[in-house]
Structure formats: structure tokens, C-alpha cells
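A.B. asks: need a 3D model of the sequence below.
(2 chains)
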2 protein chains.
Amino acid sequence: MKSDLPRLMKERNLDALVIFGPDGFGLANAPFTYFIGDAHVTTGLVIVKRDQTSDSPAKSDIYLVHSPMEREEAAKTGLQLINKASYQLPEIIRQKSGDRLAAEVELLRRVFNDIGVRGRVGFYGADHVNTAFNFLNALIREGVCDVVAEAENDAISAARVTKDAYEADLIRQTCRLTEAVIGATRDFLRAHRVVHETLVTDDGSPLTVADVKRFIRGQAIALGLDMHDCIFAIGRDAGIPHSSGTPGDPIMVGKTIVFDIFPRGPGGYHADITRTWCLGYAPDHVQQAHELVMQAHALAESTFNTSDFTYTFNEAVCDFFEGHGHPTNRQDYATTRGYMHGLGHGFGLSVHEPPGMSLKGLRPDETFQPGTIVCNEPGLYYPDDPRGGWGVRVEDDYWCNLEGQFERLTSFDRDLVVPM
Amino acid sequence: MKSDLPRLMKERNLDALVIFGPDGFGLANAPFTYFIGDAHVTTGLVIVKRDQTSDSPAKSDIYLVHSPMEREEAAKTGLQLINKASYQLPEIIRQKSGDRLAAEVELLRRVFNDIGVRGRVGFYGADHVNTAFNFLNALIREGVCDVVAEAENDAISAARVTKDAYEADLIRQTCRLTEAVIGATRDFLRAHRVVHETLVTDDGSPLTVADVKRFIRGQAIALGLDMHDCIFAIGRDAGIPHSSGTPGDPIMVGKTIVFDIFPRGPGGYHADITRTWCLGYAPDHVQQAHELVMQAHALAESTFNTSDFTYTFNEAVCDFFEGHGHPTNRQDYATTRGYMHGLGHGFGLSVHEPPGMSLKGLRPDETFQPGTIVCNEPGLYYPDDPRGGWGVRVEDDYWCNLEGQFERLTSFDRDLVVPM
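C.D. replies: Purely as a prediction, here's the structure:
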């Protein structure tokens, strides 16, 4: 969490952190969003300066270099403001004979001088790889600071990997709103007539995945959630974990629907929830698979702790599924049948964040900690089952609170069959 | 445009282009979206291999390294598919004694070997700057290829800077849909009663910026547009170019409203349109400023050509505004009154793309070309006018067609006063 930053900087011997906020990335630039929050700042640079005299996180040690056009939005962040225009970039470009890269480097040097940043400086945030590579190399070449580019478990990621009570509350709010969308969607489906196994609209035409997604989007917007897409995949598509669904597919009874929704809510924080439904009835083999997935889900939930490496929770689920005759990607990494993804992952400002729960060795060894936010999403997938392709996944969200207890943030029922 | 890629690669002596598609960036990673289009591919790697025997762009020379979970979405791209799982990353990590960075480098080396990529390879796309810096340096260290990180006017940007007829048509569609949202929003405002200069809802409470934005979002969604936010700024906020508006502000007659909307539409392409409205009536000084902005707008439009540097169009508008006694950022770079932003910018998969039309020297010297998509958005801003803060901006979009003629893509009226 943010209050860890002074410690994380000290451990890494970093004197400052610079977080890029180039134009065009918006909320996808999670490290930048982490500092600017809900303010509508589309471009800028965050600088966190280590207070050598104290380990306490002082708000006054965080600066935002902003565009003059966004000065009022920048003020909403509560950070110390530095108006980039006051450095007169056009004049610096002239001094550098038109070399814009050299001018941007010089501008940062002057900002560093003005706020007393020197020494080892870590760089973070999103950018285009070619731009970033040139800029960091130019900083090194010009000796502006000692450039540190951390490869794994960097200071910002290490802070973000645990969520404080305020962040957890925002995520809890997003979970509530997301569950309201899921409930409304089920009601919407149930309100349709069934003709020849297919749900039909008032004008008699089949209800399609595109129709349902339009409804979901409308509900999400009405509740203030931000959602580009979701997974609403039926039949064979449900058997491919990240198929988002085929827009023209008709909604039919007796087929599995994997509905995975991960919108952004208050403060920019996501929820990530999946339910699997069969409208009207579920074939026996799907019913059994759903029960097995729910057992795996409960097994995982019961094993969560802050001592074991997170891959062990996934290994336990692999053991369980393999014990029931299902292939896993532990046996065959490229399998397209059975259980072939990780058990879950952290999330927050991004949909996927550390810690992971995947195969041993694929990721750094991680443990849960007080403040961890994580989802639990076992699944089984058989896209090419001759009885008709199908998939089952059930996903709930958890916060390991500051006392180390796991609180489930989601409470929507996991019923497979939706009576029609 | 994409058909320029073989030429652009030849000019830069590049044997291949690699475009990063790391998880979490979505459509914000425009260089990646440029190749995968509407397919729901959330992570992967695009490799464009130069065909040494021909200058024609062969679709078969573009590969997508994809996750096995997204294999069906990947297939929708029409690119040559490489299933990343077939390289057995866990096994490579073991071979590299748990060094995941070394393993990812080795995996790319094997992909390069399999499809015959060698020599000078350019790297593009979005990533976290620390991750990208380490990965590119590891590629150099391991001698996987001759790593090229272009700083300015890189091959992908140079292709994207002009739009072919297909892309222009997608942008035209987005403009139509966006204008429908603008029209519906004006009708929505007009449908409200005015009590004591303030628009009120059915229950007698003031209509707020938040209410209007909720309406705008709903309209955008219903038309299939993707929109995180827009600018709907009234009064003083309208005088700050990138203030997105204060949610609680009441909508009042006689104040300027700057409504700037830039949603994503078909194929992921944006429109970017601004209108300034005064509900009921406009104060004389605002009416005069709007007329002046419209004259600047017409002046700019009449000067557009494919010969002059683009900054000259902005210089002409600076001359014009200064001639009418308004300060500009050419005179004082940090001004917060008058005209203080560029005249316009290219757009497409991103809201801001080259070419720019700003102060001489701030950007590389650019010219319009057949295929240029650009907006024209002069404005005047007086947030601290003692008569009440105000701002005026009017923005329309253009395509320089393949014959070099400028076609206006927007046709919504520019009327200032909205009769109530």
C-alpha cells in the first residue's frame, strides 16, 4: 500500500521515483493512476521524493508535473504541483538546437534541481517502448541521475500489491455494483420467451450475445461503472477461457454461458466476477462439472493463507482436477481441454496484478499478505465435446484484511441453472 | 497507411518490426490495435517480417504470438498465428534456472528462428518503462537481434500518420455517431424547464453536469461508441481547455458550455468534435468571441494544404487572434488567457496523433499528406473574466483524401445559442 513507499524506497536505496504519464494511456497506465486517482489528468509526470529524515509517507513529497491546460484537474490530486509550461520548453528546444529529446531531458534535469532530486532514481509507468528506451538512455548519457529500471517486484508494484482499507472499500463498492449488473442481466434473460430452445425478443427474433452485451453495458453505465467489454460466451465459446463471445450467437437453453465481468468502478478500481449459467436446465455432465468446479473453488478458498507460496493453492486444484480425470496444463502446458489457466490473480487498478496463482516457476514465488486482493476462479473447459462444447468457471473476490483474515467481497449466488 | 510499411521498413533498413502487446493496455496500445483490429486479443506480440523480394505488403508476413486462451480471438485477426504455449515457457524457465527475463528472451529467439527473423529489428508498442528497458537491454546483451528503438517518426507512427479510405470511412462513421450524441444532448438540455436561470429536472432539482454526462454516456453506449469521459464544462471551467467539468455544477442559461467529445467507434477509431453552447442567450462579449473563433476556424480551414509546414496554420491563427487583441502562448508560453493550445492534431486509434499544428519548433516540422486525418479547434479562454469565466472552442474533423483534397467529416451546426 502507499504507506509502504518510504520503506520500499529505502530497501531499494532509491532517492526518488518517477512515474511516466504520457498522453493516450488514460486509466490503462495504472502506476500513474495510483497517484492521480480520479482526477482527469491525461498527461504528466509524478515524482516521489524520498524524505531522508523520516520513514513516514508525507504527501508533500509527491509532485505532479502537469500541463497548464490541466492545472485545475491537477489541483484535485492534492499533490504538489509543478506547471510544466513554467519551464518554457520552446526556449529549451531552441537552446538544444531543435533536439526535442535533449530538451525534454534538460527540462527534467531542471525540475530535479528545483525540487532537490539527485542520486538513484527509479522509473515506472507506461509509455511506448521505443520512446521510453531512448529517453532513459538519454538520461543516462547526460548524467541527469543514476537511472534505475527495476525488472521484477519494482517499488510501485510492491506498494500496489497490497491494498489498504480505503482501497479495499472501493473494490468492495465495485463488487456490489458489478453484482447488481449480474443480477439485472439474469432478470433480463429470464424475462424472455423460449421458442424452439431459443430465447426470443418481442418481435420474435432470437436474442443474441450482442443484445445481451448491449444490455450489460447499459446497466454498467447507469451504475457509473466503466466497461469496455466483458465475456459473455455461450456453448463452444464458453469452452475457450478468453473468448469474449460471438455477437451473433443466439441465446439458447441448456448451453453453458460463461459470464465474466471486470468493470472499473469508484477510484478506478476493478472487480472481477464470473458466473456460469445454463438457462432452463443443465445437461448432467455440465451439472457434474459445475459441482466439481465449486468443490475446487471451496478447496482453494479453504487453503488460502499468508504462509504458503501462492502456486501451492493452484497445485492443490491441479491435484484435485487430475484426481477426477481432468487434464491440466501442469501435465500438458498447451492443453486446450480441462483446466488450463491459473487459479486466480490479484487485481486493483488493473484487472491482472500480482500475486498470481499459477504453475510453479512461471512467476516469482509469492505469498498472500495482509492487504492482498485476489480472485479465485477455477474452471473446466471442453470446447470440442461431441455432446456440444461447454465451459464452466466460477470466480469470486477476496481481501486479506490487515489482521490477515480472508474476507469474501462477492456474495452473488453461484447457481448454475436459471429457471426460465 | 499500412500499405506503406514495406517502404518504411526498407527506408529504415529494418528486417522486422516487433509490436509489444502486454496485458492490461487494451485499446490504449494503439500500435498493437493497429494490427489486431477489433479482435478481443488482450495480450500478445505482433511481428512484421520484411519480404526482401517484394515491396508489396503481404498479409502473410505479419505474425501474432498469442495466448492459447485467446486462440479463437487471435484467429479473427487474419494474421499468421503462433501459439505461445507451444514454446513451453515453464520448460524454458527451468532451463534458465528460474530467470524469467532470460526465458522470455530465449522464447523470442526461438520464435525469430522459426519464422526466419534476423538482422535489424525495430521495437514498438506500449509497456511499462522499467519492464521494456530491461527486456530490450536483455535482447541486446544476448545478441538475439540488432535492437532498433526509433525515437521520432518511427515506422509504425509513420504508417499510422496517414489513413487509407477504409480507415477514413471508419472515422467518418464515428463522426456520424458522435454527432448523433451531440444532437441528442442538445435536445435533452432543451427539454428542461428554466427556473431562476437554472435548468431543473422533473423533481425541481437543478440539472447538473453529472446528470448531463450520464445522459451522454448512455447515448454513446446505445450507439455502440466507447467513451470513458468527455469534456462538458460550464462557465469558469469552460475557460480551462482541459477541465472536464465539475460534476455538481448546475446547468444555467447564458453561460458558455464547452462540450468536447472524442469517443472510440467502429474499428477502434475516434472522432474528436467540440461545440460551444450558451443556453437561452449569449452575453455580447461571448457572442463576439464565438464569431472570432469561427473566423479563425474558417481561416485555418482555408489555409490547409499539403505543402506548408503545419505550424504555419497555427501561426496564422496566432496572428489573427493577436491582431484582435487576444494574448497567445506564442507571446507568453505559460499564458492562461486567450489562445494557448495548438490549432489541432491528427487522430485515429489515439485521440492525439501526429501531425500537430502547434508552435514552431515544439514538434518536428510536419506537412499534411494525402491520408491525413486532422481536427481544427481554435479557441479563446478567459477563466477569470470579472463578468464571469468563459471559454469558446469549436472543433471539426477533416480527411485529406488520396487526391489531396480536404474533406470535412463533421457537419453538425456550430450555433452558439441554444434556444430554450
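A.B. asks: so how far is residue A:379 from residue A:241?
C.D. replies: Going from residue A:241 to residue A:379 by Cβ to Cβ, to the nearest Å gives 7 Å. Heads up, the C-betas are built off the backbone N, CA and C, glycines and all.
A.B. asks: ugh, wrong one, I meant residue A:363
C.D. replies: Distance, residue A:363 to residue A:379, by Cβ to Cβ: 19 Å.
A.B. asks: over to residue A:362?
C.D. replies: 18 Å.
A.B. asks: more crowded one of these two?
C.D. replies: Neighbour totals were compared for residue A:362 and residue A:379, and residue A:379 leads with 27 against 17 (other Cβ atoms under 10 Å in any protein chain shown).
A.B. asks: what residues are up against the more buried one?
C.D. replies: Residues counted as contacts of residue A:379 (Cβ atoms under 8 Å, 6 or more residues apart in numbering or on different chains) are A:241, A:258, A:274, A:293, A:339, A:341, A:391-394.
A.B. asks: reformat those residues as JSON lines; add distance to chain B.
C.D. replies: Shown next, in JSON lines, are these (distance: Cβ to the nearest Cβ, whole Å):
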{"residue": "A:241", "distance to chain B": "4"}
{"residue": "A:258", "distance to chain B": "12"}
{"residue": "A:274", "distance to chain B": "14"}
{"residue": "A:293", "distance to chain B": "17"}
{"residue": "A:339", "distance to chain B": "12"}
{"residue": "A:341", "distance to chain B": "6"}
{"residue": "A:391", "distance to chain B": "11"}
{"residue": "A:392", "distance to chain B": "15"}
{"residue": "A:393", "distance to chain B": "11"}
{"residue": "A:394", "distance to chain B": "17"}
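A.B. asks: if we can go back for a sec, which neighbours do residue A:241 and residue A:379 share?
C.D. replies: With Cβ under 8 Å, 6+ apart as the test, residue A:241 and residue A:379 both reach A:341, A:391, A:393.
A.B. asks: name the member of those with the most neighbours.
C.D. replies: So for the shared contacts of residue A:241 and residue A:379 (other Cβ under 10 Å), the most neighbours sit at residue A:391, 27 neighbours.
A.B. asks: hmm, who's touching the helix or strand hosting it?
C.D. replies: Taking DSSP states H and E as the criterion, residue A:391 maps to strand A:390-393. Under the contact criterion Cβ under 8 Å, 6+ apart, strand A:390-393 has outside partners A:233, A:235-236, A:238-241, A:255-256, A:258, A:260, A:274, A:276, A:283, A:285-286, A:289-290, A:293, A:377-383, A:416.
A.B. asks: residue A:228 and residue B:27 touch, don't they?
C.D. replies: Yes. Between residue A:228 and residue B:27 there is a contact under Cβ atoms under 8 Å: 7.0 Å.
A.B. asks: check contacts around residue A:262.
C.D. replies: A:227, A:230, A:270-273, A:347, A:351.
A.B. asks: so which of these belong to helices?
C.D. replies: With helices taken from DSSP state H, there is no overlap with those.
A.B. asks: tabulate these (a markdown table), appending pLDDT and distance to residue B:297.
C.D. replies: Listed next are the contacts of residue A:262 as a markdown table, based on pLDDT from 0 to 100; distance: Cβ to Cβ, whole Å:
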| residue | pLDDT | distance to residue B:297 |
| --- | --- | --- |
| A:227 | 90 | 35 |
| A:230 | 95 | 40 |
| A:270 | 98 | 41 |
| A:271 | 98 | 44 |
| A:272 | 98 | 45 |
| A:273 | 98 | 47 |
| A:347 | 98 | 45 |
| A:351 | 96 | 41 |
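A.B. asks: if you rank the residues you listed by neighbours, which is first?
C.D. replies: Neighbour max across the contacts of residue A:262 (other Cβ under 10 Å) = residue A:270, 30 neighbours.
A.B. asks: contacts only, for it.
C.D. replies: Contacts for residue A:270 were tallied using Cβ under 8 Å, 6+ apart; they are A:171, A:174, A:262-264, A:347-351.
A.B. asks: and the residue of the stretch 251-400 of chain A nearest chain B?
C.D. replies: residue A:334 (4.0 Å; Cβ to the nearest Cβ).
A.B. asks: which element is that residue on?
C.D. replies: Residue A:334 belongs to no helix or strand, assigned by DSSP H and E.
A.B. asks: pretty sure it sits against residue B:86.
C.D. replies: Yes. Residue A:334 sits in contact with residue B:86 when judged by Cβ under 8 Å, with a separation of 5.6 Å.
A.B. asks: tell me the domain ranges of chain A?
C.D. replies: Taking automatic domain parsing as the domain assignment, the ranges for chain A are A:2-160, A:165-418.
A.B. asks: who does the closest residue to residue A:293 other than its chain neighbours bridge with?
C.D. replies: Using Cβ to Cβ, 6 or more residues apart in numbering or on different chains and skipping the chain neighbours, the partner closest in space to residue A:293 is residue A:392 (4.9 Å). In this entry, residue A:392 is beta-bridged to residue A:380, by DSSP bridges.
A.B. asks: try residue A:278
C.D. replies: Beta-bridge pairing for residue A:278 (DSSP bridges): residue A:256, residue A:417.
A.B. asks: buried stuff in the longest strand belonging to chain A?
C.D. replies: If you go by DSSP state E, chain A has its longest strand at strand A:120-128. Neighbour-count burial for strand A:120-128, counted by 16 or more other Cβ atoms under 10 Å in any protein chain shown, picks out A:121-128.
A.B. asks: quick one: contacts for residue A:381?
C.D. replies: Counting by Cβ under 8 Å, 6+ apart, residue A:381 makes contact with A:238-241, A:336-340, A:390-392.
A.B. asks: hmm, which of those is lowest in pLDDT?
C.D. replies: Ranked by pLDDT, the contacts of residue A:381 bottom out at residue A:241, which has 88.
A.B. asks: mind naming the longest helix for chain A?
C.D. replies: From DSSP H, the single longest helix across chain A is helix A:165-190.
A.B. asks: hmm, who's touching the next helix or strand after it?
C.D. replies: Per DSSP H and E, the first helix or strand lying C-terminal to helix A:165-190 is strand A:193-195. Outside strand A:193-195, the residues that touch it by Cβ under 8 Å, 6+ apart are A:199-200, A:204, A:253, A:279-280, A:420.
A.B. asks: buried subset of those residues?
C.D. replies: Buried members of these, counted by 16+ other Cβ under 10 Å: A:199-200, A:253, A:279-280.
A.B. asks: how about the residues you listed in TSV, adding pLDDT?
C.D. replies: TSV is the format used below for the buried ones among the contacts of strand A:193-195 (pLDDT from 0 to 100):
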residue	pLDDT
A:199	98
A:200	97
A:253	98
A:279	98
A:280	98
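A.B. asks: which two of those residues have the greatest separation?
C.D. replies: Pairwise distances across those peak at 13.5 Å for A:200 and A:280 (criterion: Cβ to Cβ).
A.B. asks: now the common contact residues for residue A:228 and residue B:27.
C.D. replies: By Cβ under 8 Å, 6+ apart, the residues touching both residue A:228 and residue B:27 are residue B:226.
A.B. asks: higher neighbour count, these two?
C.D. replies: Ranked by neighbour count (other Cβ under 10 Å), residue A:228 and residue B:27 place residue B:27 first, with 19 against 15.
A.B. asks: show me what contacts that one?
C.D. replies: Contacts here follow Cβ under 8 Å, 6+ apart; on that basis residue B:27 touches A:228, B:33, B:226, B:264, B:268, B:349.
A.B. asks: wait, a strand at it?
C.D. replies: No. Under DSSP: H, G, I helix; E, B strand; the rest coil, residue B:27 sits outside any strand and is assigned helix.
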